[in-house]
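Asks: build me a model:
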Amino acid sequence: MYTIGQVSEMFGLPISTLRYYDKEGLFPGLERRGSIRLFGDNELEALRVIECLKQSGLEIRDIKQFFAWVAEGSSTYANRKALFEHRRAAVEEQMRALEKTLAMVEFKCWYYEKAMADGSEDEINKMLPDKLPPDIQKIYDKAHFNL
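Replies: Model prediction:
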């Protein structure tokens, strides 16, 4: 069993967030000794799922719905699976957007490194948009087009 302070440290979450989750009913089996909340393995796993769903863009009300389905039992397996399939698609889209962002950052790192070495941007501008070195062209295209 872990105290709220220990769980806060383990997950890098403020104690107030853990209290909020508890207040929202996300830890229905949370044990208490007096006013002390004690987190067990079930609550830690629930917290991992909560943080996963939050990171994937789900709001607390929808996370509460997921846990309501869990409480309902096996009749909600299809709903739960559909929720995670939807989240997978959302995360994949976020990853594509981040890859495009990373490509722009990588291109600009190369761009300014070359500009500093050359003393100007003139040579780079002569190569744009489609005469860049092959490895840089790939990065440029990824940053600028929907590839």
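Asks: residue contacts, Pro134?
Replies: Contact analysis of Pro134 by CB atoms under 8 Å, 6 or more residues apart in numbering lists nothing. All C-beta atoms are positioned from the backbone trio N, CA, C, and that covers glycine.
Asks: could you measure the residue most central in space within the chain against Val70, distance?
Replies: Central residue check for the chain by CA atoms, centre = their mean: the C-alpha nearest the mean position is that of Gln55, 3.6 Å away. Per CB to CB, to the nearest Å, Gln55 is found 19 Å from Val70.
Asks: hang on, Tyr21 packs against Glu43?
Replies: No: under the criterion of CB atoms under 8 Å, Tyr21 is not in contact with Glu43, lying 9.2 Å apart.
Asks: looking at the two, which one has more neighbours?
Replies: Glu43 (24 against 20; other CB atoms under 10 Å).
Asks: longest helix of this protein?
Replies: helix 77-118 (DSSP state H).
Asks: helices and strands around it, which ones?
Replies: The contact analysis (3 or more CB pairs under 8 Å, 6 or more residues apart in numbering; DSSP states H and E) places helix 77-118 against helix 60-72, helix 122-127, helix 134-144.
Asks: now the angle from it to helix 60-72?
Replies: Angle of helix 77-118 versus helix 60-72, following axes from the mean of the first three to the mean of the last three CA atoms, to 10 degrees, is 140 degrees.
Asks: now do helix 77-118, average pLDDT.
Replies: For helix 77-118, the mean pLDDT works out to 97.
Asks: now it, how far from the centre of its chain.
Replies: Computed by CA atoms, centre = their mean, to the nearest Å, the chain-centroid distance of helix 77-118 equals 11 Å.
Asks: once you drop chain neighbours, what's closest to Val91?
Replies: Leaving aside its chain neighbours, Val91 sits nearest to Ser56 (5.1 Å; criterion: CB to CB, 6 or more residues apart in numbering).
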